[in-house]
Structure formats: C-alpha cells, structure tokens
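Chemist: Predicted model and sequence below, questions to follow.
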Amino acid sequence: MAIKALSWMVRVFEPPVYCYHEIVHNRLVVDRFRELGVVFIDDVDEVPDGAPLMLSAHGSAPEVVTTARSRGRFVVNAVCPLVTKVHHEAKVRADKGYTVLYVGHAGHDEAIGTLAVAPDAMELVEHEEDLDRVLPDVEDSSKVALLAQTTLSMHDWEGIMERTREQFPELWTATRNDLCFATTNRQAALTAIASRADAVVVIGSANSSNTIALTKVASSAGCPRVLRVDGPDELDVDELDDARVVGVTAGASAPEDLVQAVIAELDPTEGVEPVYVTDEDEYFPPPRELRELVPALDGLAALVLGGDPAAARGRGGPFSDDRGVDASRVLADLAR
C-alpha cells in the first residue's frame, strides 16, 4: 500500500517529494525512490511549506503527524493499518490505567512511533531478560497489557508473553495478535523450508526487523547456514559451500524481481520447488488522503475538459482497481 501510494506521488508531483523515514525498510526500494526524486528525512521541519510529504508505513508519533500537517503541506499518511491498530490499543489501555508493556526493538521507527502514543504508561521490552527490570515496578497486577511491534518473530513474542502471563494471569493482550500476517506467514513458510535445506538465503535489508526475524527462524529450525542479502549483487555463491538444497525467502518489503534475480544467480541445476503454506488475501486500500483527493482531481479535470465531473469522480481514478495491482509491478514500472 505504502509503495503504491509513494509511486503515485512521484508521478504527480515535481521533485522533490519528501518522505518521513524510509518508506519501507528495504535499501533497494528506498534507492529506487531516491533516484526518482524522493528525499527521505528524519525531521518533518526539514520539509518546505506546501511541499508533498509522505509518512512512512512504520507509523509516526502523534506530534510528528500534527507537525507534518501544518504549514500547508500535502501529507499522505501511509502508516500500515496493523500499526494503527497497535497505536489505538496502546492509547485505549493507557487511558484505562494499564501499564502497557511493548515488545519491540529499541530505535526501530515503528517502536519509536508507538511508544510516543502513551509514553507515561508504556515500557519497552526488547528481550525476555528485560522483564526482570520492568515487572517488579508494575503497580496494579490486574491492569497489565502486552503489545507488540508488528514485525517480531513469533518466538520472541511468545516467550515474553508466556512469562508475563505467569506473573500476571489477568494480562490483557489483543484478541487478534498484533503480529503482521505478512511476517508470520513468511516465518511459517520458512519453518517448513529450513528443516529441508542445507542453506537458506534471506532477501532483505539489515535494518528490516522482519528480515532479521527470518534469519533467526531459519537458524532455530536447524538450518546450518543462513545468509542475508539485499539482492543478487551481494550473494556470494561460494559461501553456500557444498549445499545441495537451498531455501530462499524474503522480507515483507522485498519486491518480487529481487527474489527472482537471486534465484537466477543461484542457478539451480535441479529446478525450483515452490513451497505452499497459505494464501494471503488481506488487502489494505490506499491512504485516506489519496482516496479522497484523486476522485476530486478527476472531477475537476473533467469539468475543465467539458466532461461529466460526477461520472469522473465515481470512477475512482487510478485506485479504482488497486486491489489487483501488485506493488512489485508498480516498482518495476517506475524503473523503466
């Protein structure tokens, strides 16, 4: 969703288009957008008045969103709806007097944005041993909530949850787990692959939490050799040594052309076996700002050109068939 939205912005606006933090944690995707005139910034005050600005998929602190929308900027908030869900849960629990334990990685964009939602009520738990520091300070054992960074590995989350529930049986957690389906699906698929593989190649960037989680899953599943690469240029086939069966997986934001390029670099002599685990049928529509703006622009254009503004607005513009458009294809089209 975020990649497709930023792709629309670079087509419509003259550069530079600004983006608060990396749109996704994938170096090659970010580099493609840089080449198209996107400027990635870590402080929204760097963005000129009236300039187009996108807020990244990882979510932003409430004060960042407020500041971003000031000074006449056109802002598209491309926060992942799953992250928005965690922000909402944090605010609701904090308002009810809960101590909110947030399981995440210190310094990660998503964790920074989420902890800022209710800073006085939240504690970061990065490792299970952090519970020794945090749990003794809980004042009301009946009001403890546990939330998670959406890109964690299931193993990291479950160990902390089980230990916390042992001490606080009334622990509140979301009815539907906070972990991203794209993350957990890939972890499940990799678990099925890794036990059969002599080596696993994980495609994704070093600052991608869900990519690093995949490397841990492969090792935990017993695979003796795990390599992480951004793309085919980083793949050293010699590092695979005498591996006969190589598993390949990718972080959630790695485009499909990178996966195929890595497979081509591996040059498998006995073919490629896709391993089926599940169908992903989740769909996140474009950010609200674009859903509202684009039909209005189409209506204005029709009016100027003597057409039917109402009919033009009703067609929904370039996002009318968005469900069937793959982000990898959009990226590939941008590169042409």
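Modeler: That came through, no problem. Only a predicted model underlies this, so the values are computations on that prediction, with no experimental measurement involved.

Chemist: switch to C-alpha atoms for all contacts and neighbour counts from now on
Modeler: Will do.

Chemist: that's a helix at A94, yeah?
Modeler: Yes. Secondary structure of A94 (DSSP: H, G, I helix; E, B strand; the rest coil): part of a helix.

Chemist: Check the burial of the closest residue to it other than its chain neighbours by counting its neighbours.
Modeler: With C-alpha to C-alpha, 6 or more residues apart in numbering as the criterion, A94 has its nearest non-adjacent residue at 5.7 Å, and that residue is A121. Neighbours of A121 under the rule other C-alpha atoms under 10 Å: 18.

Chemist: Now do the contacts for the closest residue to D109 other than its chain neighbours.
Modeler: Spatially, and ignoring its direct neighbours in sequence, D109 is nearest to H58 (6.1 Å; C-alpha to C-alpha, 6+ apart). H58 sits next to 23-24, 79-80, 83, 109-110, 113 when contact means C-alpha atoms under 8 Å, 6 or more residues apart in numbering.

Chemist: All the strands of this structure, residue numbers only.
Modeler: According to DSSP state E, the chain carries its strands in the segments 17-20, 38-41, 52-55, 74-77, 99-103, 122-125, 144-148, 199-203, 226-229, 246-250.

Chemist: buried set for the first one?
Modeler: In terms of neighbour count (16 or more other C-alpha atoms under 10 Å), strand 17-20 has its buried residues at 17-20.

Chemist: And for stretch 145-157?
Modeler: Of the residues in stretch 145-157, 145-153, 156-157 count as buried by neighbour count, 16+ other C-alpha under 10 Å.

Chemist: that older thread, may I see the strands of the chain organised as JSON lines, with distance to V262 and mean pLDDT added?
Modeler: Shown next, in JSON lines, are those (distance: least, C-alpha to C-alpha, whole Å; pLDDT from 0 to 100):
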{"stretch": "strand 17-20", "distance to V262": "29", "mean pLDDT": "97"}
{"stretch": "strand 38-41", "distance to V262": "26", "mean pLDDT": "97"}
{"stretch": "strand 52-55", "distance to V262": "30", "mean pLDDT": "96"}
{"stretch": "strand 74-77", "distance to V262": "32", "mean pLDDT": "94"}
{"stretch": "strand 99-103", "distance to V262": "32", "mean pLDDT": "97"}
{"stretch": "strand 122-125", "distance to V262": "35", "mean pLDDT": "96"}
{"stretch": "strand 144-148", "distance to V262": "31", "mean pLDDT": "97"}
{"stretch": "strand 199-203", "distance to V262": "8", "mean pLDDT": "97"}
{"stretch": "strand 226-229", "distance to V262": "9", "mean pLDDT": "96"}
{"stretch": "strand 246-250", "distance to V262": "8", "mean pLDDT": "96"}
